[in-house]
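[1] Here is a sequence with its predicted model. Questions after.
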Amino acid sequence: MYAISLGDDGAELRALEPWHAQEFLAHLDRGREFVQQYIAFGAAATDVDSARQLLQSYADKKAADSGGLHGVWLDGVLVGGVLFRVFDAAKGTCEVGCWLEPAAAGRGLVTRAARVLIDWAVDERGIHRVEWYASSGNEPSLNVARRLGMSRDGVLRENHLHRGVRHDTEVWSVLAEEWRAARARAE
């Protein structure tokens with residue numbers, strides 16, 4: 001088990017595993033409407049068993065080296081997370097994503113947690129391209145991509161049907177060389 005400090009505000013990044021199902025469900029229930037404005041993440045988790053199944057699906061992805069789920073805890077309470085929705089080491093690409101309950105928004109938690117994931121992907125796994133997908137209407141998620149120094153590659157127009165509405169999806173990315181250069185400038 002790991003716990004990575006995300007700063008001096010009591011925020012930590014930890015593995016989010018099937019045994020966290022009850023805590024995960026309580027977290028989703030606190031922020032379900034907020035989280036699911038633009039994405040369906042967690043929609044199928046409506047009881048402890050279905051929450052455990054969702055967490056198990058990501059544990060299976062991690063075991064297959066094709067994804068992974070990490071929770072963000074603030075003062076010991078699960079408030080959100082970041083994930084490798086897609087992870088393909090052979091191709092050198094991955095997709096990072098996030099979710100957060102409203103009480104934790106605006107603190108930079110997702111940006112800090114995503115930096116940890118991207119550092120690991122680039123430095124430890126040799127990932128060349130990190131992608132970020134977000135609905136054009138999801139300004140907080142787009143702002144994370146900007147703060148991470150990603151470039152907007154384009155827009156997939158009306159490609160995502162969510163709650164009966166077609167949404168545009170913006171594709172953002174950062175290449176390993178760009179990530180390392182920005183990190184070196186910041187240091």
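    Looks like it arrived, so ask away.
[2] What residues sit buried inside stretch 14-33?
    14-18, 20-21, 23-25, 27-28, 30-32 (16 or more other C-beta atoms under 10 Å). To be clear about C-beta, it is placed using only N, CA and C from the backbone, and glycine gets the same treatment.
[3] And those residues, which two are furthest apart?
    For the buried residues of stretch 14-33, the farthest-apart pair by C-beta to C-beta is Ala15 and Arg32; their separation is 22.5 Å.
[4] Near Asp168, how many residues? Count them for me, please.
    Asp168 has 14 neighbours, counted by other C-beta atoms under 10 Å.
[5] In contact with it, which residues are there?
    135-137, 155-160 (C-beta atoms under 8 Å, 6 or more residues apart in numbering).
[6] doesn't it fall inside a strand?
    Yes - assessed with DSSP: H, G, I helix; E, B strand; the rest coil, Asp168 lies in a strand.
[7] Give me the pLDDT for it.
    Note on Asp168: pLDDT of 93.
[8] Not counting sequence-adjacent ones, nearest residue to it?
    Ranked by C-beta to C-beta, 6 or more residues apart in numbering and with sequence neighbours excluded, the top spatial neighbour of Asp168 is Ser136, at 4.1 Å.
[9] name the helices or strands packed onto the helix or strand containing Trp120?
    Following DSSP states H and E, one finds Trp120 within helix 109-123. Helices and strands touching helix 109-123, by 3 or more C-beta pairs under 8 Å, 6 or more residues apart in numbering; DSSP states H and E, are strand 11-15, strand 68-74, strand 77-88, strand 93-100, strand 129-135, helix 139-147, helix 176-186.
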